[in-house]
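[1] need the 3D shape of this:
(2 chains)
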Amino acid sequence: AQKVTQAQTEISVVEKEDVTLDCVYETRDTTYYLFWYKQPPSGELVFLIRRNSFDEQNEISGRYSWNFQKSTSSFNFTITASQVVDSAVYFCALTNNFGNEKLTFGTGTRLTIIP
Amino acid sequence: EAGVTQFPSHSVIEKGQTVTLRCDPISGHDNLYWYRRVMGKEIKFLLHFVKESKQDESGMPNNRFLAERTGGTYSTLKVQPAELEDSGVYFCASSQAGTPWETQYFGPGTRLLVL
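    Modelled structure (predicted):
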């Protein structure tokens, strides 16, 4: 069985602050894939990033960065210099490599950026 | 390119009634997934179509739920009769190849409220 835990239910920060969203996963598989999705107020889930278990390089995309650490089974997401448009619910998710394409999601973290 | 669309965006029905949700995947995507989020909980997998065939329906909660994908294009998810615990947001996603590492693209969801 696999599991994704997002312990932070809600986070509020003042605009321009940095914020990190935590994601801890459990899986018995050696090959797996991690994802982050953003759900803005409009409701759709917007894909942000995908990582495979063999690539532990951190990734940066503009103000967004991701820290993947297999040793702690974590795939944390940091927003630098947060903006009001970053306000959304963020979901971390996992798939494995054994013909199991279904995503296992965490419960999500609601991020509110205060102007 | 049009994204995944879902109809209706909201539905309010009474317990015992029937509701049918529709999902139109991205054109050319053979793989279609249904997920559901009950309030405050994680997004959970319901089932996976490859073209018109059900590849995995392990997440379907019970036989009150019936999913179809005639012709391998759009899909419907019928709940009959609806119960209070069926309330939640129903998401549809699609992908081209259906592999674990491929991104699933989500629609905006249908918010179902059963009274």
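[2] show me where pLDDT drops low in the chain?
    Reading this off chain A. A:98-100 (pLDDT under 70).
[3] you looked at the wrong chain, it should be chain B
    Using pLDDT under 70, chain B drops low at B:1.
[4] where do the helices sit along it?
    Read by DSSP state H, chain B holds no helices at all.
[5] give me every residue in it lying close to chain A.
    Contacts of chain B with chain A, taken as CB under 8 Å from any CB of the partner chain, map to B:3-4, B:9, B:31, B:33, B:35, B:40-45, B:48, B:56, B:59, B:89, B:91, B:93, B:95, B:98-109, B:111. The way it works is simple: take the backbone N, C-alpha and C, and place the C-beta from them, glycine included.
[6] now which of these would you call buried?
    Buried members of those, counted by 16 or more other CB atoms under 10 Å in any protein chain shown: B:4, B:31, B:33, B:35, B:42-45, B:48, B:56, B:59, B:89, B:91, B:93, B:95, B:98, B:100, B:102, B:104-109, B:111.
[7] among these, which ones are in strands?
    Assignment to strands by DSSP state E places the following of those there: B:31, B:33, B:35, B:43-45, B:48, B:56, B:89, B:91, B:93, B:95, B:105-106, B:111.
[8] can you name the residues of chain A that neighbour chain B?
    Residues of chain A lying near chain B (CB under 8 Å from any CB): A:4, A:32-33, A:35, A:37, A:42-47, A:50, A:52, A:91, A:93, A:95-97, A:99-108.
[9] buried among those? Need that as a selection in PyMOL.
    Buried residues among the residues of chain A next to chain B (16+ other CB under 10 Å), as a PyMOL selection:
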select buried, chain A and resi 4+32+33+35+37+43+44+45+50+91+93+95+96+97+100+101+102+103+104+105+106+107+108
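[10] which of the residues of chain A next to chain B fall within strands?
    A:4, A:32-33, A:35, A:37, A:46-47, A:50, A:52, A:91, A:93, A:95-96, A:104-105.
[11] what's the closest non-adjacent residue to the residue nearest in space to the middle of chain B?
    Central residue of chain B (CA atoms, centre = their mean): B:Trp34, 3.3 Å from the mean position. Counting by CB to CB, 6 or more residues apart in numbering or on different chains, B:Trp34 lies nearest to B:Leu46, which is 4.1 Å off, once chain neighbours are set aside.
[12] likewise for A:Ser42?
    Going by CB to CB, 6+ apart, A:Ser42 has B:Pro108 as its nearest residue, at 6.6 Å.
[13] please apply the same query to A:Thr112.
    Nearest to A:Thr112 is A:Ser12, by CB to CB, 6+ apart, at 4.4 Å.
[14] now do the same contact list for the one you found.
    Applying CB atoms under 8 Å, 6 or more residues apart in numbering or on different chains, one finds that A:Ser12 lies in contact with A:Leu111, A:Thr112, A:Ile113, A:Ile114.
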